[in-house]
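> Sharing a model that was predicted from the sequence below.
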Amino acid sequence: MKKQKLLYGGGALGAVFLPQLFSRLGYNPAALSNNFPTAGCTGSCGNCGGSCLSFIAPLLFLSIRAYRGKKQ
Amino acid sequence: MRALIFKLQRLLGYVLGFLLFYKPFMFFNSFFASFWQANGFHSLHVPCARIPISRLLSGDWGSSGPVSLFFCLLLAVVSFWFGPLFCGRLCPAGAFSEFLSTLLPKKYQIDWGKYVPITTLRYGFFAGFLLITSLGFAYPCAYCNYYALELFIISIGSGQLLLTLLSLLAVFFLANIVFGLFTQGGRGYCNFLCPVGAASSLLHRIGQLLPGPFRMLVNKSACIGCGKCARSCPMRTISLKQGKADIDTDRCIVCGCCQIQCPTQAIRYKSNITKEL
């Protein structure tokens, strides 16, 4: 049970962190060397701070977990 | 009658929250601006608690504004001793999504607690938020429903909805439609994604390790296990264990909904040194 909870917690962390990491590495390889958020995530949103990525990814993660939880 | 007075009290609290922190009023900001006699205080970001929280890992607290730091400290002290009162009594963004959830029958809404461990996910997302902001991957504003609500109100007022940051509009709709309208209790955003709420609850939880701090207490001998409290809780923190109500301190926002619904008045907001039974 504890292991499962740990996996859930880790998954939640990853759902916020990984999309940001990939977007930065994908759009701007030098991004990790400075301290500015990804400026042109889509080019149309403006400097949102990565809201779309860091909101939609957790939502997707939650939906998948809830769907699996419902099936179980 | 008691329930009506309680509802009115809650409504007044949220209206007060709106007047204190949201445009065009911002009385909290105006109060501090009168001390500093400074310009540029007319922004939601001035008392923002997310900014100092996002700098928890990097330790760069000094670059947060003084009002922001003061507000964060105030929140921390209140949450530690009295629980997340800001979430349960003042936060207009949480109240708005909670209100939206009352517009739809429960059969169309998701009860997240049935399918996922909310508390675990909440702190997982919180850790993710700390990580992305401390590494500079995202602004503290990332997926901020509080700011999104203000932008939405401004954009409606100015008739320029699409000129607002589109991603924050998306956040507004997801937080209030998915996690509000289609979520039982309407506090899905607060439960999963709000870093201020998570930090407040964490402090509330730590506070409970000491004698003295306040919390919602259940008098187990008076509890008849009717479940009214569980159904009325906007955060869905109450479960029935062995036929008695059990409140999860990790997510309770001490809003008092359970207390007012309890037919035997078994739930009280008291100091934890009060004898439970």
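On my side now, so go ahead. Numbering: from 1, shown residues only, chains lettered A, B, ... in the order given.
> which residues of the chain score low on pLDDT?
With no chain named, the answer covers chain A. Along chain A, the parts satisfying pLDDT under 70 run over A:24-52.
> should've been chain B
B:37-40, B:159-168, B:275-277.
> Show me the longest helix that occurs in chain A.
Using DSSP state H, we find that the single longest helix of chain A is helix A:2-27.
> Mind checking if the helix or strand following that one is in reach of chain B?
Next along the chain after helix A:2-27, taking DSSP states H and E as the criterion, comes helix A:51-71. Yes: with CB under 8 Å from any CB of the partner chain as the criterion, chain B is reached by helix A:51-71 at A:51-56, A:58-59, A:62, A:65-67, A:69-70. For glycine as for every other residue, the C-beta is placed from the backbone atoms N, C-alpha and C.
> And those residues, which two are furthest apart?
Pairwise distances across the residues of helix A:51-71 next to chain B (CB to CB) peak at 27.9 Å, for the pair A:Ser51 and A:Lys70.
> Which one's more surrounded, those two?
Using other CB atoms under 10 Å in any protein chain shown as the criterion, A:Ser51 and A:Lys70 rank with A:Ser51 on top: 28 against 11.
> what's the closest non-adjacent residue to the residue nearest the centre of chain B?
Nearest to the geometric centre of chain B sits B:Cys87, at 3.0 Å (CA atoms, centre = their mean). Closest residue to B:Cys87 apart from its sequence neighbours, by CB to CB, 6 or more residues apart in numbering or on different chains: B:Ile253 at 4.1 Å.
> go on, A:Ala66?
B:Tyr115 (4.1 Å).
> The one you found contacts A:Gly69, correct?
Yes: in terms of CB atoms under 8 Å, B:Tyr115 counts as a neighbour of A:Gly69; the distance is 3.3 Å.
> out of the two, which sits in the more crowded spot?
Using other CB under 10 Å, the more surrounded residue of B:Tyr115 and A:Gly69 is B:Tyr115, with 18 against 13.
> Quick one: residues contacting the more buried one.
Neighbouring residues of B:Tyr115 by CB atoms under 8 Å, 6 or more residues apart in numbering or on different chains: A:65-67, A:69-70.
> Likewise for B:Ile253?
Applying CB under 8 Å, 6+ apart, the residues near B:Ile253 are B:83-84, B:87-88, B:94, B:187, B:190, B:197, B:201, B:234-235.
> got it, and B:Val218?
So, once contact is read as CB under 8 Å, 6+ apart, B:Val218 ends up touching B:244-247, B:266-267, B:276.
> can I assume B:Cys91 is in contact with B:Tyr14?
Yes: counting by CB under 8 Å, B:Cys91 touches B:Tyr14, with 7.5 Å between them.
> okay, the residues of helix A:51-71 next to chain B in a markdown table with distance to B:Phe28 next?
Formatted as a markdown table, the residues of helix A:51-71 next to chain B follow (distance: CB to CB, whole Å):
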| residue | distance to B:Phe28 |
| --- | --- |
| A:Ser51 | 24 |
| A:Cys52 | 29 |
| A:Leu53 | 31 |
| A:Ser54 | 27 |
| A:Phe55 | 27 |
| A:Ile56 | 32 |
| A:Pro58 | 30 |
| A:Leu59 | 31 |
| A:Leu62 | 33 |
| A:Arg65 | 37 |
| A:Ala66 | 37 |
| A:Tyr67 | 42 |
| A:Gly69 | 40 |
| A:Lys70 | 42 |
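> Take the contacts of B:Ile253 and keep only those in strands.
Among the contacts of B:Ile253, no residue falls in strands (DSSP state E).
> Quick check: longest helix in chain B by residues?
In chain B, taking DSSP H as the definition, the longest helix is helix B:2-21.
> which residues are contacting the helix or strand just after it?
For helix B:2-21, the succeeding helix or strand toward the C-terminus, using DSSP H and E, is helix B:27-36. Helix B:27-36 is contacted from outside by B:19-21, B:39, B:41-43, B:46-47, B:66-67, B:70-71, using CB under 8 Å, 6+ apart.
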